[in-house]
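1. Have a look; sequence and predicted model below, questions after that.
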Amino acid sequence: MKKVLVSILIILLANVSANTQVALRVKEFNLEKNLAIQGYDLIAYFSYNKAIKGKAQCTANIEGVTYNFTSAANKDLFVKDYKKNDLQYGL
């Protein structure tokens, strides 16, 4: 019985921690219309050296933040290592 209660407590604390991290992440971003960097494609910006609006049909929601991309390939590249990409692109 004691092990079950400890397990439940650990699960609840992990859930609260995860929700708190998402809330902090969303707060750190300048979200206009609930989009990171106003809907521009992060990968395209650095690949083509210009800002290109992402498509609403090609999105990824990561830890409460929505990103738009110009292509599935760009989306996959970002999602593959989004923590590195966020830091690299200065978000």
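-> Structure received.
2. Enumerate the positions of stretch 53-63 that are buried.
-> The neighbour-count check on stretch 53-63 (16 or more other CB atoms under 10 Å) flags 54, 58, 60, 62 as buried. For the C-beta atoms, the positions are set from N, CA and C on the backbone; glycine is no exception.
3. Format these as a markdown table; extra columns: pLDDT and distance to residue 80.
-> Below are the buried residues of stretch 53-63 laid out as a markdown table (pLDDT from 0 to 100; distance: CB to CB, whole Å):
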| residue | pLDDT | distance to residue 80 |
| --- | --- | --- |
| 54 | 94 | 17 |
| 58 | 96 | 15 |
| 60 | 93 | 11 |
| 62 | 84 | 11 |
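4. for the chain, what spans make up the helices?
-> Secondary structure of the chain (DSSP state H): helices at 2-28, 42-48, 72-80, 82-88.
5. Filter the buried residues of stretch 53-63 down to the ones in strands?
-> Counting by DSSP state E, these place 58, 60, 62 in strands.
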